[in-house]
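**Q** With the sequence up front, the predicted model follows.
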Amino acid sequence: MPTDKQQQALRQLPAVHTILHHADLASYKEKLPPEWVSQTISDILSLERKAILEEPAPSPRPAEAILSRVRMRLDLLTSSRLRPVINATGIVLHTNLGRAVLSDAATHAVEQTARSYSNLEYNLHTRERGSRHEHVEELLCRLTGAEAAMVVNNNAAAVFLVLRTLARDREVIVSRGQLVEIGGSFRVSEIMRESGSRLVEVGTTNKTRSSDVAKAITPETVMLMKVHTSNFKVIGFTQEVPREELVRLAREHGLICYEDLGSGVLYDLKTHGIGDEPTVQECVQAGVDVLSFSGDKLLGGPQAGIIAGKKEWISRLKKNQLARALRVDKFTLAGLEATLRHYLHPKEAAEKIPTLRNILRKPEEIFRRAEELYGYMREKVPADVEMEILPSTSHVGGGSLPDVELPTHCLAITSSTFSPAELDRRLHQGAIPVIGRISKDRLLLDLRTVEPQELRQIPQLFQDVFP
Ligand SMILES: *Cc1c(COP(=O)(O)O)cnc(C)c1O
């Protein structure tokens, strides 16, 4: 039985139709089907009823508070769920924030393809049906030096297609130290099982010798696979079979040498002293038969899985019925083609592709951005907010170059009224959420990944959530 107080609070709850006819809800009734609005109101009222019954002596619910809850729910229903955010984490390829941001040219290409018909599968010269692979295959071959190439939905799909097509029911030898789990619980060993190929693990977590691989080769073996340990680094007492050695062993035994490169860099970051990642070109040069890598990691393009290598193998992959299930759409192809075109001139790639630009951004430039933001913020923030520019480090992210630390500068924000967690929480609630990171009791906005036009938006967004 409800207590007297509970009964009283329940009786005071407004009826659905009273709220429904409130003037504040008029605009929602234009934007949403009327049933959605009344359903939302009754959902909120049920929650209120439940809350009242959980407290022995509840206070009456003010009508204003109920109305405001209804409006918050309706705001969610009327606004886009997937929306832009300002990445002030300094993590260039932030998996949760959509990984690579496309260049202007790639964005334009996607938009154009969306707006009009295209020759997606139509050959304008022969006037016959064409292949959607053709649009990027030649570019990929020229850029990587591979004989053939194709594109699928993502690199996980690429790994699956390669194993399923070329190694089903056969043995694939992989070093134990490379059986990695990539974010979102994608495990190389699981994908192998799903593909129907048989995993033969060799070596130990930290060491695999060429002789370990050689000893494991049986008449059932069809492939030697190398997996890039993207998101971690084994340091200390370690040994890996060099790529050239794996290629030699594969040749000697008539096996396919396949490398899952993970990120797959086309632009040589080593020349800037960043990481020691071999380029895709170097891996092709080394004689690897089949390679696969992501389109939206270090390449800086749309989500895609790129497979490049010897024609013999790529042709078989293209013929597999599964290729149809894993194929990319026209937006991806448009964005990828435009991204790849930047790489025809490496200098252009470094300037135009946001991923490369953000990785290569000099700390001095980031410092200037931090100063600029500081200036704009000073005019907008309340007096109890303290700001300071601090040197820090940012990371590439996206399971790429895990050991690389990029020197950066952050705007550190503290307040005598709000905790760093509260500052962070509120900045997530603005019209454009600003995502920073909390470190040592301060909210840090890392300027490496903040674009110049966003510098003026941040203070306004800050003011909106701290009026
Ligand atoms: C990231 C990664 C994948 C998965 O690539 P997606 O494009 O995210 O599907 C597979 N293998 C390795 C080694 C990776 O780093």
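**A** Yep, that arrived. Numbers count the residues shown, from 1 in each chain.
**Q** wait, doesn't Val396 sit right on Leu406?
**A** Yes. Applying C-beta atoms under 8 Å as the test, Val396 and Leu406 come out as touching, 7.2 Å apart. All C-beta atoms are positioned from the backbone trio N, CA, C, and that covers glycine.
**Q** anything in contact with each of these two?
**A** Both Val396 and Leu406 are in contact with Ile359, where contact means C-beta atoms under 8 Å, 6 or more residues apart in numbering.
**Q** Tell me which of the two has more neighbours.
**A** Taking neighbours as other C-beta atoms under 10 Å, Val396 and Leu406 compare with Val396 leading, 27 against 22.
**Q** got a pLDDT number for that one?
**A** What the model reports as pLDDT for Val396 is 95.
**Q** the longest helix in this structure is where?
**A** In the chain, taking DSSP state H as the definition, the longest helix is helix 34-54.
**Q** Can you point out the buried residues in it?
**A** Along helix 34-54, these residues count as buried under the neighbour rule (16 or more other C-beta atoms under 10 Å): Trp36, Val37, Ser38, Thr40, Ile41, Ile44, Leu45, Glu48, Ile52.
**Q** Keeping just the C-alphas, turn it into PDB.
**A** Output of helix 34-54 as PDB, limited to C-alpha atoms (Å, rounded to 0.1, in the frame of the first residue of the first chain):
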ATOM      1  CA  PRO A  34       1.500  13.300 -32.200                       C
ATOM      2  CA  GLU A  35       1.600   9.700 -30.800                       C
ATOM      3  CA  TRP A  36       5.300  10.100 -30.200                       C
ATOM      4  CA  VAL A  37       4.700  13.200 -28.100                       C
ATOM      5  CA  SER A  38       1.900  11.700 -26.000                       C
ATOM      6  CA  GLN A  39       3.900   8.400 -25.600                       C
ATOM      7  CA  THR A  40       6.900  10.400 -24.400                       C
ATOM      8  CA  ILE A  41       4.800  12.200 -21.800                       C
ATOM      9  CA  SER A  42       3.300   8.900 -20.500                       C
ATOM     10  CA  ASP A  43       6.800   7.300 -20.400                       C
ATOM     11  CA  ILE A  44       8.100  10.200 -18.300                       C
ATOM     12  CA  LEU A  45       5.000  10.100 -16.000                       C
ATOM     13  CA  SER A  46       5.500   6.300 -15.400                       C
ATOM     14  CA  LEU A  47       9.000   7.000 -14.400                       C
ATOM     15  CA  GLU A  48       7.900   9.700 -12.000                       C
ATOM     16  CA  ARG A  49       5.300   7.300 -10.600                       C
ATOM     17  CA  LYS A  50       7.900   4.600 -10.100                       C
ATOM     18  CA  ALA A  51      10.300   7.100  -8.400                       C
ATOM     19  CA  ILE A  52       7.500   8.300  -6.000                       C
ATOM     20  CA  LEU A  53       6.700   4.700  -5.000                       C
ATOM     21  CA  GLU A  54      10.400   4.100  -4.200                       C
END
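**Q** Following that helix in sequence, what is the next regular element?
**A** Scanning the chain past helix 34-54 towards its C-terminal end, the next helix or strand to appear is helix 63-78 (assignment: DSSP states H and E).
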